[in-house]
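1. A structural model of the following input is requested.
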Amino acid sequence: MSRLILLTVLVCVLAIPTAAGENQGPVVEHSLTYSAKGTRSEARHGHLRINDKKIPWGFSRVVAGDQSFSFYVRRYHFGNDGYHFAQPPFFPPDSPEDMSTADLNRGYVLTRERPGNTPADWFYVEWNDGAAFASTDALDQLIEEQAIITVPTDLGDAGWRPDNVGGRERPDNVGGRERPDFPQRLPWPPTDPATKPAQ
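-> Just a heads-up that it's a prediction; the model follows:
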């Protein structure tokens, strides 16, 4: 009987939700969409939402809580593009220093190490020439202020596959449709998208 009471108390304690004032880690939603599913040309498009905010394609790495993602780019009709679980997982090292109050108020800090006072719901992103810890509220500001190149995640069946005709890789020609609004060329080539994430 005492074991049953102890088990009941333990289950009740574990079921009590955390107090609303406590800072929780980021809520991560990873989803896949497919094109040409079930064929030799099947492509998997990875999408991320963190704290209910859609993360645009363009970050080479995203680390949220205990989950690590890499950005993939396809060169062919098949394979992965978008965000997929990193293999092997990557987690930025901890920094012995805290971030400034100005960085906390701004909502992001440019660093490759996790400052000691980083809020639990912030996440880590890397791009071609930088890295940061950021809140979802400040992500758009980070992208704008750091001139980070992103692409739409709603390209449908085309995904994000540069035109590779004649050995020329042109990210401004997405899925065979000219994209004159694409801001500038991205550095190419990334690693083989069928097997490895972009670095």
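
2. got any ranges where the chain has weak pLDDT?
-> Counting by pLDDT under 70, the chain contains low-confidence ranges at 1-23, 153-199.

3. all strands of it, in order?
-> 28-35, 43-50, 53-54, 61-64, 67-72, 79-85, 108-110, 123-127, 130-134, 162-163, 170-174, 177-178 (DSSP state E).

4. how about residues contacting the fifth one?
-> Just to be clear, that refers to strand 67-72. By CB atoms under 8 Å, 6 or more residues apart in numbering, the residues outside strand 67-72 that reach it are 28, 30, 46, 48, 57-63, 79-87, 89-91, 193, 197-198. Every C-beta, even on glycine, is put in place using the N, C-alpha and C of the backbone.

5. so can I have a markdown table of the strands of the chain showing mean neighbour count and distance to E144?
-> Shown next, in a markdown table, are the strands of the chain (neighbours: other CB atoms under 10 Å; distance: least, CB to CB, whole Å):
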| stretch | mean neighbour count | distance to E144 |
| --- | --- | --- |
| strand 28-35 | 15 | 23 |
| strand 43-50 | 21 | 18 |
| strand 53-54 | 15 | 15 |
| strand 61-64 | 22 | 18 |
| strand 67-72 | 23 | 19 |
| strand 79-85 | 20 | 21 |
| strand 108-110 | 20 | 11 |
| strand 123-127 | 22 | 13 |
| strand 130-134 | 21 | 12 |
| strand 162-163 | 19 | 24 |
| strand 170-174 | 17 | 20 |
| strand 177-178 | 10 | 25 |
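
6. ok, which of those strands comes nearest P152?
-> Across the strands of the chain, P152 has its closest neighbour in strand 170-174 (8.6 Å, CB to CB).

7. circling back to that earlier point, distance to A147 for the strands of the chain - can I get that in CSV?
-> Converted to CSV, the strands of the chain look like this (distance: least, CB to CB, whole Å):
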stretch, distance to A147
strand 28-35, 26
strand 43-50, 21
strand 53-54, 20
strand 61-64, 18
strand 67-72, 18
strand 79-85, 21
strand 108-110, 13
strand 123-127, 10
strand 130-134, 10
strand 162-163, 21
strand 170-174, 16
strand 177-178, 23
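
8. which among these is found nearest to M99?
-> Taking those one by one with CB to CB, strand 108-110 is closest: 4.4 Å.

9. partners of the closest one in the sheet?
-> strand 130-134 (antiparallel) (DSSP bridges).
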